[in-house]
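1. Make a model of this:
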Amino acid sequence: MATLKEIRNRIKSVKSTRQITKAMEMVAAAKLRRAQQRVSEARPYADRMNEMLESLAAGSSGDISHPYFESRTVKKRTLVIAVSDRGLCGSFNSRLLRESDEWLAKHSDCEVELVVVGKRALAYYSSRSFPIAASYVDWSGGLDYEKAKSLVSFLTRRFVSGETDSVNIMYAHFVSTAKNVVTNETYLPIENPTSDTASASDSSSETKSARKEYIFEPNPEDIYASLLPSYALTRMLTALLDSFASEHSARMVAMNTATIAAGDMIDDLTTTYNKARQEKITKELLEIVSGAEALNA
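-> Here you go, the predicted model:
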C-alpha cells in the first residue's frame, strides 16, 4: 500500500493537472466562440454564392463551359484531409484519419495523392505509402487567408492542368459544441449548374420569376470566369472554418472531461488518504495503549 507521503504527492500532482486542463478548456472555449462567429458569418456568404451560380444558370442559354466544370474519366484522385496541428482534442483527429483511410481503400483502383492540412495528418501519412502532393501546417488553430489561397491555387492549378482528375476535401463539419460530422465533399470538378438543374432545384415560382428579372453584363459566361475562382476559395474557406471550430469544440469537450476525471481522482485519492491516515492513527493508539498496559502489569 502507498504511504501517506506518496498519496499526498499524487493528490498534489493531479490537482496541478486539473488546473492545466481547466485552463486549456477555458482557452479552447474562447477560441471556439471566435471560430463560431466566423463560421456563422461565412455560411450565409457561401449560400449566397451558390444562389448566384444558380441565378446565372437560369439566365444563361445552354451549358456553360469552364475548366472547373470539366468532368473527365478519373485516373487520378486528390484527397485534401483537414485535421489539427495539435492533439488533446479527443477523437477529432482519429475519426478523420480513419475515414480518410477507408476512402483511400475504397478508391484503390486508381492513383491517389494526398494534400494534408495540419501536422497530425502529415505525421500520420508520412510513414505510409500514399504520396503527399503538398502539406499546409502551422495554422495555430485559426484561418490563415494567404495559406488558404495558396492551397486553393495549388488544387485548381493541378486540376486544370490535368495532373489530377478529381479533388475531394474531407473535414469536420461544425454542427454544435457537442457535435461535428466528418464530411467528404467533391471539390473539383464543380457540378455544372445548367439551366435545367437550376430550375429543377428551385420549386418556388416566385424565385423563378425573380430570376428572370436579372440582367447580366457582359454575359453569364464571362461572369462565370470571374466568379468561379472566388467560389472555389469561398468553399475552401468555409470548410477550413468548420474544421477549426470543430477542433476547438472537441478540445474544449476533451479538456472538460479530463478536468472532471481529475476531480473524481482527487476525491478517490483523498478518501484513500483519509483511510490510510486513520489506520495509522489507530495503530499508533493501539501501540500506546499496549505499552501502557505492559508498564502497569
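2. where's Ala42 relative to Leu233, distance?
-> With the distance defined as C-beta to C-beta, to the nearest Å, Ala42 ends up 11 Å from Leu233. Bear in mind the C-beta positions are built from the backbone N, C-alpha and C, glycine included.
3. One more: Gly291?
-> As for Gly291, its distance to Leu233 is 85 Å (criterion: C-beta to C-beta).
4. Which one's more surrounded, these two?
-> Using other C-beta atoms under 10 Å as the criterion, Gly291 and Leu233 rank with Leu233 on top: 18 against 10.
5. my hunch is that the more buried one is in a helix, does that hold up?
-> Yes - assessed with DSSP: H, G, I helix; E, B strand; the rest coil, Leu233 lies in a helix.
6. Spatially nearest residue to it (excluding sequence neighbours)?
-> Leaving aside its sequence neighbours, Leu233 sits nearest to Val152 (C-beta to C-beta, 6 or more residues apart in numbering; 5.0 Å).
7. OK, contacts around the residue nearest the centre of the chain?
-> What sits nearest the mean C-alpha location of the chain, by C-alpha atoms, centre = their mean, is Ser243, with 2.9 Å. Shown in contact with Ser243 (C-beta atoms under 8 Å, 6 or more residues apart in numbering): Ala82, Val83, Val117, Tyr171, Ala172, Phe174.
8. go with 7 Å
-> The contact partners of Ser243, taken as C-beta atoms under 7 Å, 6 or more residues apart in numbering, are Ala82, Tyr171, Ala172.
9. chain center to the strand or helix carrying it, what's the gap?
-> According to DSSP states H and E, Ser243 maps onto helix 220-296. Distance of helix 220-296 from its chain centroid, counting by C-alpha atoms, centre = their mean, to the nearest Å, is 20 Å.
10. Off-centre distance for the helix or strand harbouring Tyr125?
-> If you go by DSSP H and E, Tyr125 is part of helix 119-126. Computed by C-alpha atoms, centre = their mean, the chain-centroid distance of helix 119-126 equals 15 Å.
11. And the next helix or strand past it?
-> From helix 119-126, the next helix or strand downstream (DSSP H and E) is strand 132-136.
12. Can you tell me what sits against that next one?
-> For strand 132-136, using C-beta under 7 Å, 6+ apart, the contacting residues are Thr78, Glu113, Leu114, Val115, Val116, Val117, Leu122, Tyr125, Lys147, Leu151, Phe154.
13. change it to 8 Å
-> The contact list for strand 132-136 (C-beta under 8 Å, 6+ apart) reads 78, 113-118, 121-122, 125-126, 147, 150-151, 154, 158.
14. which among the residues you listed end up buried?
-> Burial by neighbour count, 16 or more other C-beta atoms under 10 Å: within these this picks out 78, 113-118, 121-122, 125, 151, 154, 158.
15. With distance to Ile260 as extra columns, can I get these in JSON lines?
-> As requested, the buried ones among the contacts of strand 132-136 are exported to JSON lines (distance: C-beta to C-beta, whole Å):
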{"residue": "Thr78", "distance to Ile260": "41"}
{"residue": "Glu113", "distance to Ile260": "42"}
{"residue": "Leu114", "distance to Ile260": "37"}
{"residue": "Val115", "distance to Ile260": "38"}
{"residue": "Val116", "distance to Ile260": "33"}
{"residue": "Val117", "distance to Ile260": "31"}
{"residue": "Gly118", "distance to Ile260": "27"}
{"residue": "Ala121", "distance to Ile260": "29"}
{"residue": "Leu122", "distance to Ile260": "32"}
{"residue": "Tyr125", "distance to Ile260": "34"}
{"residue": "Leu151", "distance to Ile260": "38"}
{"residue": "Phe154", "distance to Ile260": "43"}
{"residue": "Arg158", "distance to Ile260": "46"}
